[in-house]
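K.L.:
show me the folded form of this:
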Amino acid sequence: MSILVKIKDMIIFKDEQYNSFPNVIRREDGTLLVGFRQARDFHKKTIHIDPSSKAVYVTSNDEGTTWQKKTNDIYDDFVYGVQDPCLNQLNDGTIFATFFMWKVFKKNDLTEILSSDRVMEDKFIARVDGSYSIRSYDGGETWDEPILIDFTGKSSIAVRGNIVVLDDGAIILPVYGNDNIGELSKVILLKTYDMGRSWEKLSVIPQIEGYNYYEPNIYRTESGKLVVFIRSYKTGEKSVYEPDSVKLSPLITSESIDNGKTWTQPIIREVYSPSPFHPLRLKSGNVILTYGYRYKPYGLRAIMLDAECTDFSSDNEVTLRDDGLSGDIGYTCSVLLDNGDVLITYYYYEEDGYRYIAGTICREV
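P.N.:
Model (predicted):
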């Protein structure tokens, strides 16, 4: 198995706002486009919900050497906070993106708190409004109106992850959520033939007892097998972010050999972090799996996998950064550069506290 060598770290975009949850694609003309969530930083602390947050992007036309200084809007809503924009480059040139939105209420204005609600400072309730798809046919210059991701038997769902496109043109999208208070969060696979205008529920990943599933990424191997990489959390009284809780958040994987109709019993891998895991095929055919490491020493890590994503040996893991200041970092997404190097995007911060979009360039040797 080859190894991964770090070339350099960089700042992709930084200002005095809360920039987080990036996603990166490469356009047909070589332009790199990094989408992310941008919010105010008025709380001066870790907080991922803001009714004013929006989805934006910046570009680079020189393989990530320089980046736009000003953001471009993907979607901004007057009432709802936009969360986790994820970009996908389709073969016909369309950029297909997804995100979900929060609506924030005063706690005293609600008569019922749902299982998926977030209580903020004991004053506000953040509720998922829904998950949406949105498209651009001109390289991000303009976007159509968001379309609700709706399907028969729909539950409260959110989306953070990429898609795969099958040979017949169908888009497969993993989402996550639960139906009722007290239920474990699950991963649901959806399918669309009309670029997100309508969806059907394809399947549900089998549940491992006691584990919540979050923020899945999906990958199609060279053989056509589908692999889902799932962030998880073992239920219990402990917070997942406590120093001795590392093994409460393992990577969980499941596979499908029938285009997502059925899935194998999930496997708990000996890779741990309460962060999504992102796969990328390298020029060699190997796969790099990246993630933010949200325990001490905080930072950025990657695992080199074989082409079919079966070997998760710890010998293949590399620490790319260990200088993070807390667990409020990560959410990786990577892309190949023209020379075969890898650009990993994620969010990070330094002593001034401003969350920024970072990049690390690596090389397979």
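
K.L.:
off-centre distance for stretch 151-166?
P.N.:
Centre-to-centre, stretch 151-166 and its host chain are 13 Å apart (C-alpha atoms, centre = their mean, to the nearest Å).

K.L.:
now do the strands in the stretch 151-300 of the chain.
P.N.:
156-158, 164-165, 171-178, 186-192, 200-204, 211-220, 226-234, 250-256, 267-272, 278-281, 287-293, 299-305 (DSSP state E, counting those that start in this stretch).

K.L.:
what bits of the stretch 51-200 of the chain have low per-residue confidence?
P.N.:
Across the stretch 51-200 of the chain, the ranges flagged by pLDDT under 70 are 115-116, 181.

K.L.:
you'd agree residue 213 is up against residue 184?
P.N.:
Yes. When contacts are counted by C-beta atoms under 8 Å, residue 213 is listed as touching residue 184 (7.4 Å). Every residue, glycine included, has its C-beta placed from N, CA and C.

K.L.:
and stretch 74-88, how far apart are its ends?
P.N.:
Taking C-alpha to C-alpha, to the nearest Å, stretch 74-88 runs 13 Å from one end to the other.

K.L.:
buried residues in it?
P.N.:
For stretch 74-88, burial by neighbour count (16 or more other C-beta atoms under 10 Å) applies to 74-75, 77, 80-88.

K.L.:
ok, back up a step: distance to residue 47 and mean neighbour count added to the strands of the stretch 151-300 of the chain, as CSV?
P.N.:
Shown next, in CSV, are the strands of the stretch 151-300 of the chain (distance: least, C-beta to C-beta, whole Å; neighbours: other C-beta atoms under 10 Å):
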stretch, distance to residue 47, mean neighbour count
strand 156-158, 17, 21
strand 164-165, 32, 17
strand 171-178, 21, 23
strand 186-192, 26, 23
strand 200-204, 31, 16
strand 211-220, 18, 23
strand 226-234, 19, 24
strand 250-256, 26, 22
strand 267-272, 24, 16
strand 278-281, 23, 22
strand 287-293, 17, 25
strand 299-305, 22, 23
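
K.L.:
possible to save those as JSON lines with distance to residue 335?
P.N.:
JSON lines is the format used below for the strands of the stretch 151-300 of the chain (distance: least, C-beta to C-beta, whole Å):
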{"stretch": "strand 156-158", "distance to residue 335": "23"}
{"stretch": "strand 164-165", "distance to residue 335": "16"}
{"stretch": "strand 171-178", "distance to residue 335": "19"}
{"stretch": "strand 186-192", "distance to residue 335": "24"}
{"stretch": "strand 200-204", "distance to residue 335": "27"}
{"stretch": "strand 211-220", "distance to residue 335": "14"}
{"stretch": "strand 226-234", "distance to residue 335": "17"}
{"stretch": "strand 250-256", "distance to residue 335": "21"}
{"stretch": "strand 267-272", "distance to residue 335": "21"}
{"stretch": "strand 278-281", "distance to residue 335": "7"}
{"stretch": "strand 287-293", "distance to residue 335": "11"}
{"stretch": "strand 299-305", "distance to residue 335": "14"}
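
K.L.:
least confident of these, on average?
P.N.:
Lowest mean pLDDT within those: strand 156-158, a mean of 89.

K.L.:
contacts for that one next, please.
P.N.:
Defining contact as C-beta atoms under 8 Å, 6 or more residues apart in numbering, one finds that strand 156-158 is touched by 83-84, 100, 114-116, 128, 131, 149, 175-179, 188.
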